[in-house]
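Participant: need coordinates for the following:
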Amino acid sequence: MILITGTVVGLLLGATPGLSPTMAVALLIPFTFKMDATSGLILLGVLYTATVAGGAVSAILVNIPGAPANIATMLDGHPMAKNGRATEALHYCFISSGVGGVIGVLVLIFFTPVLAGFALRFGPSELFWIAILGITVIGSLGSTSVLKGLLAGAVGIWISLIGFNPVAGTERFVFTEHLQGGVTIIPALIGLFAIPQVFQMVEDARRGRGGEVFGMEHRPIWTSIVYNLSRVRALGIGSVIGTLVGLIPGAGGQIAGLIAYDQNKKFSRNPDAFGKGEPEGVIASESANNSMVGASLVPMLSLGIPGSPTAAVLLGGLLIQGLFPGPDLFTQHASVAWTFMGALLVSQVLMVVFGLYISRFSKYVIRIPKQHMAAAVAILAVFGTYSVQNSVSDVIIMMTMGCAMYFAMRFGFGPGPVVLGIILGPIAETNFLQGKMLGQAMDGPVQYFFTGGINLLLITLCVLSIGYSILTEFKVRARRRRQSTGRTLEVKS
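Facilitator: Got it, this is the predicted structure:
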């Protein structure tokens, strides 16, 4: 009953814009106070993994990610839905989530002691370069050109700097009392994705384009399973990147999904199809953000170092039950630890079953008239934003950013780079400042940041990622010029 309840509730909460996995787990921690340790941990763990998968439902159908981890899913999932392939996109979402989730849990079960030591090798310098690697993805993420993507990403990084310096404690860019606490990810995410969508729905309704925008096609589940499992490259890239990112303390599913999406696009034979309804984009991003779940629990259970923000909340639930991470958890409380891991493995299967079943009823969401859908999304946006910190300032920030993004999208700017900049900015800044202080106490900051095998590998990946993005942009422009020239000659002839 706990497995089934946690899976269904997690899928429903994940599909609600604004209710992130971190918030969902935090909301249910009080319900575990009267439970035994095993039942409480199973409920929180199953809720964690199901919420990450459920967030893809609103990303695909409404173009609003249910959680930050589903940003990359939206890039191809919603275009697939608009092309009449909504059922297919939802099938790929849950099947690839199950595959990635099983791989992540198997890594948790079999490699916890080994990989825990690997996670300890990531200090401030390594985490800084991982953030920079994520920033290199910005240029090709949801904007009409690399330059606009980089500019939008720079705006996102600037927004992340608003508030207090994490080391010195001084205020920066605080020109109103509403910005004293900075801009957190949930108000930014909801504002940048949900509010422009609300305005677009209202505009469509006023122009008489209300009602059903796209239909739910009938597609056999077995057809989707066969196709999904045949996309070995997308599943492999997503699962491997998700596992590696999950092992790194503090990274999170949003980074895993975006990096997996970008790398799969770069290895694809048809990169131009991404962003227009390419199934591999959904498969790679969903397998990544769910394989991250199991891997993020490796450093948490063995070292007490959470691999994601939600794992940090889950750590609180572990401590409330009187259990402490480390070797004793697997010796003195072995029955609790291994039952918890086994339940996570079973929950992946339940998540796929219930996810595919729930996707059959998604047609009712699509058939809601535009004006009604706009009102519902607006209410959920305000509720989700206010519930994070019970702050009216967050609601004002959310609405302001949403209005600005609505007009920016008319000029070819996308919300994806802005959100990625807001997510990665604090990670890069905090670890740079910490690494700088450590470097000054050792051989110097330059030596600290530019030596070591992991640092050099990450720097190489950053250079290759930037180079590939620039090369791809030149190829796209050259192809457009040839097509334009061809059309001109055809008209003249």
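Participant: thought H91 was touching W222?
Facilitator: No - applying CB atoms under 8 Å as the test, H91 and W222 come out as separate, 10.0 Å apart. C-betas here are computed from N, CA, C, even on glycine.
Participant: what about the two, which has more around it?
Facilitator: Using other CB atoms under 10 Å as the criterion, H91 and W222 rank with H91 on top: 25 against 8.
Participant: can you classify F122 as helix, strand or coil?
Facilitator: Secondary structure state of F122, per DSSP: H, G, I helix; E, B strand; the rest coil, is coil.
Participant: pull up the gap between it and I130, please.
Facilitator: To I130, F122 is 8 Å away according to CB to CB, to the nearest Å.
Participant: which one's more surrounded, those two?
Facilitator: Counted by other CB under 10 Å, F122 and I130 do not tie: I130 has more neighbours, with 26 against 20.
Participant: measure that one to E203 for me?
Facilitator: In this view, I130 and E203 are 40 Å apart by CB to CB.
Participant: repeat that for F175.
Facilitator: Using CB to CB, F175 is found at 31 Å from E203.
Participant: and those two? which has more neighbours close in?
Facilitator: Taking other CB under 10 Å, F175 and E203 do not tie; E203 has more neighbours (13 against 8).
Participant: so what's the more buried one up against?
Facilitator: Counting by CB atoms under 8 Å, 6 or more residues apart in numbering, E203 touches no other residue.
Participant: what's the separation between the residue nearest the centre of the chain and M201?
Facilitator: Note on the chain: the residue nearest the mean C-alpha position is A69, at 1.6 Å, using CA atoms, centre = their mean. Plainly put, A69 is 24 Å away from M201 if you go by CB to CB.
Participant: do the same with L315
Facilitator: 39 Å.
Participant: who has more neighbours out of the two?
Facilitator: Ranked by neighbour count (other CB under 10 Å), L315 and M201 place M201 first, with 25 against 19.
Participant: what helix or strand does the closest residue to that one other than its chain neighbours sit in?
Facilitator: Excluding its sequence neighbours, the residue lying closest to M201 (CB to CB, 6 or more residues apart in numbering) is A374, at 3.8 Å. Taking DSSP states H and E as the definition, A374 sits inside helix 370-389.
Participant: what residues of the following helix or strand past that helix count as buried?
Facilitator: Scanning forward in sequence from helix 370-389 by DSSP H and E, the next helix or strand is helix 392-409. Within helix 392-409, the residues scored as buried using 16 or more other CB atoms under 10 Å are 393-399, 401-402, 404-406, 408-409.
Participant: turn the residues you listed into JSON lines, columns for pLDDT.
Facilitator: Rendered in JSON lines, the data for the buried residues of helix 392-409 read as follows (pLDDT from 0 to 100):
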{"residue": "S393", "pLDDT": "90"}
{"residue": "D394", "pLDDT": "89"}
{"residue": "V395", "pLDDT": "90"}
{"residue": "I396", "pLDDT": "92"}
{"residue": "I397", "pLDDT": "91"}
{"residue": "M398", "pLDDT": "90"}
{"residue": "M399", "pLDDT": "92"}
{"residue": "M401", "pLDDT": "92"}
{"residue": "G402", "pLDDT": "90"}
{"residue": "A404", "pLDDT": "93"}
{"residue": "M405", "pLDDT": "90"}
{"residue": "Y406", "pLDDT": "90"}
{"residue": "A408", "pLDDT": "90"}
{"residue": "M409", "pLDDT": "86"}
